[in-house]
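# Show me how the following folds:
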Amino acid sequence: MRSVAIAIAMLALSITASAQTAAPPTSQPGKQDALAEAPLWPIGIRLSDEMVGERGARKKVRPADVMVWLPDGAKHIRAMMIVPNNSDSKNFLEYEPFRKVAAKHEMALVYLREFYTGIEYHHQKPVETPPAAPDNILKLLDFIAEQTGMPEFRHAPWMTFGKSSRGEFPFRMGWLWPERTIAGITYHGETPTWPIPKYAKPQEETILYVCANGQEEWSGTWYRHVRPSLLNYRAHTGWLPHQAVAYGVGHGNYVDAHGSKGWGQPVPAGTMSVLRVWDYLALFADKALTLRLPEKGYPTDGPLKLRQVDPDSGYLVHPRAIEQMLGSKWMAFRFRDGQYQLIPWPDEPHPVLDTEQGTIDPKLLIRKAADVPPAERKSLLWIADKELADAWVKLHTVEVQAP
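Residues are numbered from 1 along each chain as shown. You can find the predicted model right below:
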C-alpha cells in the first residue's frame, strides 16, 4: 500500500508541476480557472494586493494566492485545515492518506500560498506585541465562502499546521480563536510560546496539539523548548499536547524528503522516513476530528460547537519517554517556581545533559490516563487513544524506522 501511495503522489505532483506552467492568471481578485492546479487543487483564488501584502503584491505574475481542495462531491464542509506556505507543507496536504482523513470528516484544505495573515512576526517583534491585523484571516474565509459558494467557510472550525518560520501560525490561531480551533500541528517549526501573551483569549478549550521535530533539530529544540513549553500548556491550560521526535533528523532533512533524490524511495533500515511522520500526523488529525467535531451538523448558518475532550481519558506519556525510546541520555529538564524552564540557546551548547541520569520503568512510559494517579496527570503529555499511542511507540522505535 505504501508503494502505491507513493506512486500516486509522485504522479499527482508531476501533474501539479505541469499545471503551474499554464497560462499566467489575470491580476483580478477572484476565482479563475487558470489558477487551479487540477487534479490536486481544483480551486485557485486570486486575492487583492492588500491581502497578500507587500511581498506578494510586488510579483508581476504569480500563481493562485490561495488553493482550496474539497472532498469529492462535497456540497458542504464540516471543518477545514488551514496551512501557510513553507517548504513541503503543500506536499503534506497532497499526501493521499491525509486526504482520506480529510474526506472522511468532510474537511476542506486551504493552502495559503501568498497571504498576509496579520498574526505572525517571525521573531521580528516581541511575543507580547498584539497581532497587526487579526481580522485578516476572517476576511479571507469570507472571501473563500463567496468564491466557492460554500458559506461554511465563514463559520467552520479549523485545524492548523505550520512549518519552520510559519510555525507561529498554528498556535497563534489557537490563542486568538480557541473556541474555533480543533487542533494544531507544528511541523519542524516554532514552539508554542510560553507564557501566553495577554492579548490571547483564555485557553480553556481542549485543543489537541502536536509538535513534530527532529532529534538534532536546532541544537535540540525538542528538549530545550518544545518539551518544557508543552508541559506548561498541559499544566496551566485546557490544551492536550504531546510531541513526536524523528530519530536522527535535523530541520526536516529526511533522506526521502520531498524534492530530494530519495523522495518516493525506500529508506535504509534504522532511518526515519518522512512518510512515517506524515502517517502519524494524518492519524493524529483523524483522532482530533473524531473527538472534537459534533456527531452531526454543518456550519452553514453559524458555528458548530466543538466538543470538549475529557482530559482524564486517553493515554499519558512520561516526559522522559523520548530519551528512553530513542536510546538517548537524559537531556536537561528543569522545573522551577511552578514552571518548566526553557534551556537557553546558544548559552548552553548542545547537547545539554541532565546532572541526573537513569532509566524509567517501561510500564510508566505511556499509560492509560485512568491508571495514573490524578495528582500526576497534568505533568504528563496527552495522546488521544490506544491506536495513536501504539503509533507513537512505533514511530519512536528505532529498529522499525524503515517503512
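# Contacts only, for His155.
Pro299, Thr300, Asp301, Gly302, Pro303, Leu304 (C-beta atoms under 8 Å, 6 or more residues apart in numbering). The C-beta positions use only the backbone N, C-alpha and C, and glycine is treated the same way.
# Please list only the buried members of these.
Neighbour-count burial (16 or more other C-beta atoms under 10 Å) applied to the contacts of His155 gives Pro299, Leu304.
# Would you state the helices of the protein in chain order?
Under the criterion DSSP state H, helices of the chain are mapped to 2-19, 49-57, 89-94, 96-104, 136-148, 168-176, 221, 227-236, 274-292, 321-326, 386-395.
# For those, give me CSV that also has mean neighbour count.
As requested, the helices of the chain are exported to CSV (neighbours: other C-beta atoms under 10 Å):
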stretch, mean neighbour count
helix 2-19, 14
helix 49-57, 16
helix 89-94, 21
helix 96-104, 18
helix 136-148, 18
helix 168-176, 25
helix 221, 23
helix 227-236, 22
helix 274-292, 22
helix 321-326, 20
helix 386-395, 18
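# Including mean pLDDT and distance to Asp354, could those helices go into CSV?
Formatted as CSV, the helices of the chain follow (pLDDT from 0 to 100; distance: least, C-beta to C-beta, whole Å):
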stretch, mean pLDDT, distance to Asp354
helix 2-19, 37, 38
helix 49-57, 85, 43
helix 89-94, 98, 34
helix 96-104, 98, 36
helix 136-148, 97, 41
helix 168-176, 98, 27
helix 221, 97, 17
helix 227-236, 98, 12
helix 274-292, 98, 26
helix 321-326, 96, 9
helix 386-395, 98, 23
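# out of those helices, nearest to Gln265?
helix 2-19 (8.5 Å; C-beta to C-beta).
# quick one on the thing from earlier: got TSV for the helices of the chain, with distance to Val245 too?
Listed next are the helices of the chain as TSV, based on distance: least, C-beta to C-beta, whole Å:
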stretch	distance to Val245
helix 2-19	22
helix 49-57	33
helix 89-94	18
helix 96-104	20
helix 136-148	30
helix 168-176	18
helix 221	10
helix 227-236	9
helix 274-292	10
helix 321-326	5
helix 386-395	9
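# ok, the closest residue to Gln265 other than its chain neighbours - contacts?
Nearest residue to Gln265, sequence neighbours excluded (C-beta to C-beta, 6 or more residues apart in numbering): Asp256, at 5.9 Å. Each residue near Asp256 by C-beta under 8 Å, 6+ apart is listed here: Gly262, Trp263, Gly264, Gln265, Val267, Ser273, Val274, Leu275.
# Turn those residues into CSV, including distance to Phe171.
Shown next, in CSV, are the contacts of Asp256 (distance: C-beta to C-beta, whole Å):
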residue, distance to Phe171
Gly262, 31
Trp263, 29
Gly264, 32
Gln265, 34
Val267, 30
Ser273, 26
Val274, 22
Leu275, 25
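# For those, which single residue is the most surrounded?
In terms of neighbours by other C-beta atoms under 10 Å, the contacts of Asp256 top out with Val274 at 25 neighbours.
# Would you agree that residue is in contact with Gly259?
No: Val274 lies out of contact with Gly259 (C-beta atoms under 8 Å); the separation is 10.6 Å.
# Find the residues that touch each one of the two.
With C-beta under 8 Å, 6+ apart as the test, Val274 and Gly259 both reach Asp88.
# All the strands of the stretch 101-250 of the chain, in order from the start?
Ranges of strands in the stretch 101-250 of the chain, per DSSP state E, counting those that start in this stretch, are 107-112, 158-164, 181-189, 208-214, 240-246.
# What strands flank the third one, and is each parallel or antiparallel?
This means strand 181-189. Sheet pairing of strand 181-189 (DSSP bridges) gives strand 158-164 (parallel), strand 208-214 (parallel).
# Most tightly packed of the ones you listed?
Greatest average neighbour count among these goes to strand 208-214 (a mean of 26), per mean count of other C-beta atoms under 10 Å.
# And for the most centrally placed residue in the chain, nearest residue in space, chain neighbours not counted?
With distances taken as C-alpha atoms, centre = their mean, Ile185 lies nearest the centre of the chain, 1.9 Å away. If you skip the residues right next to it in sequence, Ile185 has Phe161 as its closest partner in space, 4.5 Å away by C-beta to C-beta, 6+ apart.
# where does the stretch 251-400 of the chain have low pLDDT?
Along the stretch 251-400 of the chain, segments meeting pLDDT under 70 span 400.
# same thing but 90
269-270, 398-400 (pLDDT under 90).
# want to throw the strands paired with strand 181-189 into JSON lines with mean pLDDT and distance to Leu353?
Listed next are the strands paired with strand 181-189 as JSON lines, based on pLDDT from 0 to 100; distance: least, C-beta to C-beta, whole Å:
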{"stretch": "strand 158-164", "mean pLDDT": "97", "distance to Leu353": "27"}
{"stretch": "strand 208-214", "mean pLDDT": "98", "distance to Leu353": "18"}
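# what's the closest of the ones you listed to Val245?
Once the strands paired with strand 181-189 are compared by C-beta to C-beta, strand 208-214 is nearest, at 5.7 Å.
# List the contacts of the next helix or strand along the chain from that closest one.
With elements assigned by DSSP states H and E, the helix or strand that comes after strand 208-214 is helix 221. Here helix 221 makes contact (C-beta under 8 Å, 6+ apart) with Thr191, Asn213, Trp345.
# Among those residues, find me the one that's closest to Val127.
Thr191 (11.1 Å).
# list the contacts for the closest one?
Gly167, Cys211, Thr221, His225, Val226, Ser229, Leu230.
# Quick check: pLDDT value at the nearest residue to it once chain neighbours are set aside.
Closest residue in space to Thr191, ignoring its immediate chain neighbours: His225 at 4.2 Å, by C-beta to C-beta, 6+ apart. pLDDT recorded at His225 is 98.
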